[in-house]
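Novice: Okay, predicted coordinates and the sequence, questions at the end:
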Amino acid sequence: MINEEMQKVLTSWWKRLQENNGGRAQLKRCNSPEEAALHSETYRLKNMFPKWISLEAVATMAGVSAHIKNDTSLEFARSLATPREKNGRVPLSESRFRQLLSCREWDELYRSLRRTVSILDGNVNLISFVDTVLLWNNEFRGAYKKPGRGLKFELSRDYYETAMKYEK
């Protein structure tokens with residue numbers, strides 16, 4: 001969903017945020033998109049995106065991205081269903097995954113994504129995570145009229161395909 005140039009800009013913003021301990025700490029304390037929208041780092045990120053992307057979406061990206069410690073290569077939904085090496089269990093149970101998919105408001109999505117990043121120990125693919133938020137933004141705005149294009153379809157496909165690979 002995000003083009004290559006935007007990926008570079010986003011990654012650069014995130015790396016700068018990692019070096020800005022004060023800005024990152026402020027965003028990490030935020031409990032909602034509204035709180036994250038009160039910080040300058042959110043507006044730095046907002047200026048990088050097209051105008052049609054809502055402030056709630058950008059604030060969610062900024063606030064939750066502050067909790068990402070390592071930018072990994074595994075897509076966001078796939079990382080939720082890939083068993084951990086230490087205990088062989090998937091990081092996000094099916095019921096928690098369904099809770100994530102059932103979010104209907106920005107505050108609810110924000111809390112769920114923050115919890116998910118925490119469960120993943122901060123090891124998240126930044127670009128895939130941002131794509132997830134953008135998909136939710138589009139779905140929230142009613143952009144998807146055809147089945148099979150929205151967030152629930154995309155994430156469910158990736159999550160369950162990955163989970164099935166590891167079934168015993």
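Specialist: Right, received. Where do you want to start?

Novice: Show the pLDDT at Y144.
Specialist: Among the per-residue scores, Y144 holds a pLDDT of 60.

Novice: Kindly report the same for L74.
Specialist: For L74, the model assigns a pLDDT of 95.

Novice: Chain neighbours aside, what residue packs nearest to T11?
Specialist: Among residues not flanking T11 along the chain, L126 sits closest, at 6.5 Å (Cβ to Cβ, 6 or more residues apart in numbering). C-betas here are computed from N, CA, C, even on glycine.

Novice: Over to M6?
Specialist: Using Cβ to Cβ, 6+ apart, the nearest residue to M6 is M48, at 7.4 Å.

Novice: what do you get for M1?
Specialist: Among residues not flanking M1 along the chain, D131 sits closest, at 4.5 Å (Cβ to Cβ, 6+ apart).

Novice: distance of that neighbour from L100?
Specialist: Using Cβ to Cβ, to the nearest Å, D131 is found at 15 Å from L100.

Novice: more crowded one of these two?
Specialist: Neighbours were counted for D131 and for L100 using other Cβ atoms under 10 Å; L100 has more, 22 against 19.

Novice: follow-up on the earlier one: so who does the residue nearest to T11 touch?
Specialist: Contacts for L126 (Cβ atoms under 8 Å, 6 or more residues apart in numbering) come out as L10, T11, W14, S65, I68, D71.

Novice: Do a quick rundown of the strands in this structure.
Specialist: Using DSSP state E, the strands of the chain run over residues 70-71, 123-124.

Novice: Which residue, other than its chain neighbours, is closest to V130?
Specialist: Nearest one to V130, counting by Cβ to Cβ, 6+ apart, is M61 at 5.4 Å.

Novice: Give me the neighbour count for the one you found.
Specialist: Neighbour number of M61 under other Cβ under 10 Å is 28.

Novice: what sits against it?
Specialist: L45, F129, V130, V133.

Novice: In ChimeraX, select just the buried ones from these.
Specialist: Isolation of the buried members of the contacts of M61 (16 or more other Cβ atoms under 10 Å) is achieved in ChimeraX through the command below:
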select :45,129,130,133
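
Novice: Return the two entries of the contacts of M61 that lie farthest from one another.
Specialist: L45 and F129 (13.0 Å; Cβ to Cβ).

Novice: how far away is the spatially most central residue of the chain from E167?
Specialist: With the centre of the chain defined as its mean C-alpha position, the nearest residue by Cα atoms, centre = their mean is F129, 3.3 Å away. Relative to E167, F129 is positioned 25 Å away (Cβ to Cβ).
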